[in-house]
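A.B. asks: no letters, just coordinates:
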């Protein structure tokens with residue numbers, strides 16, 4: 001059944017919220033979702049009247065909502081985002097859990113594409129979008145933050161997994177400084193540092209490219225004032241990072257008619273990576289972090305694409321390890337290890353790529369399917385079922401090693 005532009009109402013525990021739908025919405029066809037997060041003291045309705053995403057909703061075919069944060073003792077609506085912004089009165093409100101529940105309530109009411117859930121935030125809402133990306137990377141495909149910032153300390157960005165990040169910021173912002181600053185003694189990173197922190201988290205490295213075509217995002221500034229900087233390293237699949245700098249732009253730019261379109265086009269072109277493969281031998285033995293380490297594969301199982309990335313998560317922080325491969329499954333406890341080796345037969349090691357789990361306790365590797373290190377080295381063939389697992393150093397409590405669960409991949 002096709003529907004004219006309409007809406008549904010959901011309630012995630014803070015009262016009813018309207019979710020608008022595009023004209024022609026067909027429940028048989030999943031659609032993207034964009035959630036808009038307002039700035040401090042504003043509301044969802046006020047934020048949408050400023051950014052104006054609903055006028056282009058039919059053209060781009062996305063569901064849309066703009067929820068309200070709770071009110072503090074001064075009657076100001078806010079999001080409990082990072083330590084810097086903007087829970088100024090010590091509220092215990094868990095906005096991260098609420099927004100997760102809201103997204104899930106919308107998914108229950110509307111046929112949402114699970115690979116295409118996006119957040120846009122302004123100021124305090126931008127800070128909140130970063131917290132959501134940190135804590136719910138399994139759910140969020142991408143975020144766009146206007147005049148917001150991420151956590152100053154990367155260790156506060158809990159959770160795991162890549163998220164596409166777009167930071168938009170004016171160089172003349174007098175409220176949330178383009179170069180960073182502090183609020184109430186709590187520091188926040190600048191626009192470039194925010195992008196760099198996420199580039200590191202997403203495995204991009206810090207090499208940047210400046211796009212030659214500038215954008216016109218602020219109508220009060222002459223010409224195309226916005227430059228685009230892209231982190232061009234080998235980002236994890238599903239984890240691109242860009243910085244759009246509005247040269248001369250303020251905290252609340254006079255947004256041009258192109259702003260909403262450019263942001264929506266950017267977000268919708270960056271869905272979450274498709275998981276692939278079948279996990280087995282799970283859960284793995286608990287390691288010293290208190291978790292069972294896991295392996296996942298994203299990208300493509302089509303051999304000709306040669307676009308497969310392995311990711312190990314739930315590892316002890318700052319430990320080293322590497323991925324293993326085999327065409328055979330097995331089950332054994334290697335000498336000196338606390339984990340179960342779930343591979344058998346001829347086992348190859350990606351030992352040329354020894355990886356560090358960093359503060360987040362995870363590492364990833366892009367696999368070249370034309371040169372899998374085994375005995376002898378193998379070029380994968382269509383129809384083969386390859387198995388992968390990650391080995392890592394552990395101390396539980398004595399120095400030992402451990403392993404993730406395993407994944408099998410049938411190549412097409």
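C.D. replies: Now that the structure is in, tell me what you want to look at. This structure is a prediction, so every number in the text was calculated from the model and none was measured.

A.B. asks: now do the host helix or strand of residue 199: distance to the chain's middle.
C.D. replies: Assigned by DSSP states H and E, residue 199 belongs to helix 191-201. The chain centre lies 13 Å from the centre of helix 191-201; the measure is C-alpha atoms, centre = their mean, to the nearest Å.

A.B. asks: for that helix, packing partners?
C.D. replies: Counting contacts by 3 or more C-beta pairs under 8 Å, 6 or more residues apart in numbering; DSSP states H and E, helix 191-201 packs against strand 164-170, strand 226-231, strand 241-246. The C-beta positions use only the backbone N, C-alpha and C, and glycine is treated the same way.

A.B. asks: can you give me the buried ones in it?
C.D. replies: By neighbour count with 16 or more other C-beta atoms under 10 Å, helix 191-201 contains the buried residues 191-201.

A.B. asks: residues in contact with whatever helix or strand comes next after it: which ones?
C.D. replies: Using DSSP H and E, the next helix or strand after helix 191-201 towards the C-terminus is strand 208-210. Identification of contacts with strand 208-210 by C-beta atoms under 8 Å, 6 or more residues apart in numbering yields 227-232.

A.B. asks: what's the mean pLDDT across strand 208-210?
C.D. replies: On average, the pLDDT along strand 208-210 is 86.

A.B. asks: residue 197: what's it in contact with?
C.D. replies: So residue 197 contacts 150-151, 154, 157, 189 (C-beta under 8 Å, 6+ apart).

A.B. asks: rerun at 7 Å
C.D. replies: For residue 197, the contact set (C-beta atoms under 7 Å, 6 or more residues apart in numbering) comprises 150, 154, 189.

A.B. asks: coming back round to it: top of the contacts of strand 208-210 by number of neighbours, please.
C.D. replies: Greatest neighbour count in the contacts of strand 208-210, by other C-beta atoms under 10 Å, goes to residue 231: 24 neighbours.

A.B. asks: so it bridges to which residues?
C.D. replies: According to DSSP bridges, the residues that bridge with residue 231 are residue 208.

A.B. asks: wait, doesn't it sit right on residue 211?
C.D. replies: No: assessed by C-beta atoms under 7 Å, residue 231 is found out of contact with residue 211, at 12.0 Å.

A.B. asks: rewinding a little: among the helices and strands packed on helix 191-201, which comes closest to residue 343?
C.D. replies: Closest to residue 343 of the helices and strands packed on helix 191-201 is strand 164-170 (C-beta to C-beta; 32.7 Å).

A.B. asks: can you list the strands that that closest one pairs with?
C.D. replies: Strand 164-170 sits in its sheet next to strand 142-146 (parallel), strand 241-246 (parallel), going by DSSP bridges.
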